[in-house]
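>>> Would you be able to build a 3D model of this:
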Amino acid sequence: MSGVWLPAFKGFMKKVWIFAFILGAGDAAVLTAWRDHFVVENSVRPGCYLYQTAESKKMLQLQSELPVKMKIIKDDEGNRQVKELTSSEEIEQAVELFVQIRVGEETDIYVTDKYHSISLFFDDGEKVVFSLNGDSLEYRKNGKTELYQLENIEQF
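Below you'll find the predicted structure:
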């Protein structure tokens, strides 16, 4: 049992220490470190941008560190369309639209036969995938699936 509690306690204390440090310092660098630490481990929250929901630090630097390839899959009732973007001009335009997509409220409207995905591939081999159900983000965490409406997705 102690093997389970020790890592959990260490993780909890790390977050408590960071929070206490932020309260005491108020420094911009500390706030950035806090954001980087918690955004990477975050869960989805309405109002945040779609790229902030990924558990990847690369996504926080998306506009300055573009992916080398993007793959968009739209599967409507079995009609699957795949678009791969590889030119830097195409990727730059797609990222400009992608970073404007916001997460809206949680929804229970599940659409069958409309499964889409947006995949970003980086030069170091990292791949980040966003799963969509219709125009909603399909977010999976701890074996549970949550759906969130997406704003500005239609322009992407």
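
>>> The host helix or strand of Gln149 - contacts with which helices or strands?
Following DSSP states H and E, one finds Gln149 within strand 144-151. With contacts defined as 3 or more CB pairs under 8 Å, 6 or more residues apart in numbering; DSSP states H and E, strand 144-151 has these neighbours: strand 102-107, strand 136-141. Glycine gets a C-beta too; all of them are placed from N, C-alpha and C.

>>> Which residues outside stretch 148-156 are in contact with it?
44, 46, 50, 94, 97-98, 100-107, 118, 132, 135-137, 139 (CB atoms under 8 Å, 6 or more residues apart in numbering).

>>> By mean pLDDT, which helix or strand of the protein comes out lowest?
Using mean pLDDT, DSSP states H and E, helix 28-40 stands out as the lowest-scoring helix or strand of the chain, at a mean of 45.

>>> Each with direction, which strands does the helix or strand that it is followed by pair with?
Using DSSP H and E, the helix or strand that follows helix 28-40 towards the C-terminus is strand 69-76. If you go by DSSP bridges, strand 69-76 pairs up with strand 79-85 (antiparallel), strand 114-121 (antiparallel).

>>> Format the ones you listed as CSV; extra columns: distance to Asn152, mean pLDDT and mean neighbour count.
CSV is the format used below for the strands paired with strand 69-76 (distance: least, CB to CB, whole Å; pLDDT from 0 to 100; neighbours: other CB atoms under 10 Å):
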stretch, distance to Asn152, mean pLDDT, mean neighbour count
strand 79-85, 18, 95, 12
strand 114-121, 13, 94, 18
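
>>> what about these, which gets the closest to Leu60?
In terms of CB to CB, the element of the strands paired with strand 69-76 nearest to Leu60 is strand 114-121, at 12.7 Å.

>>> Check which residues of stretch 120-127 are buried.
The neighbour-count check on stretch 120-127 (16 or more other CB atoms under 10 Å) flags Leu120, Phe121, Phe122 as buried.

>>> same thing with stretch 141-156?
Those would be Leu147, Tyr148, Gln149, Leu150, Glu151, Ile153, for stretch 141-156 by 16+ other CB under 10 Å.

>>> before we move on, what about stretch 92-110?
Residues Ala94, Val95, Phe98, Val99, Ile101, Arg102, Val103, Gly104, Thr107 are the ones in stretch 92-110 that count as buried (16+ other CB under 10 Å).

>>> before we move on, what about stretch 46-62?
Quick answer for stretch 46-62 (16+ other CB under 10 Å): Tyr49, Leu50, Tyr51, Gln52, Thr53, Ala54, Ser56, Lys58, Met59, Leu60, Leu62.
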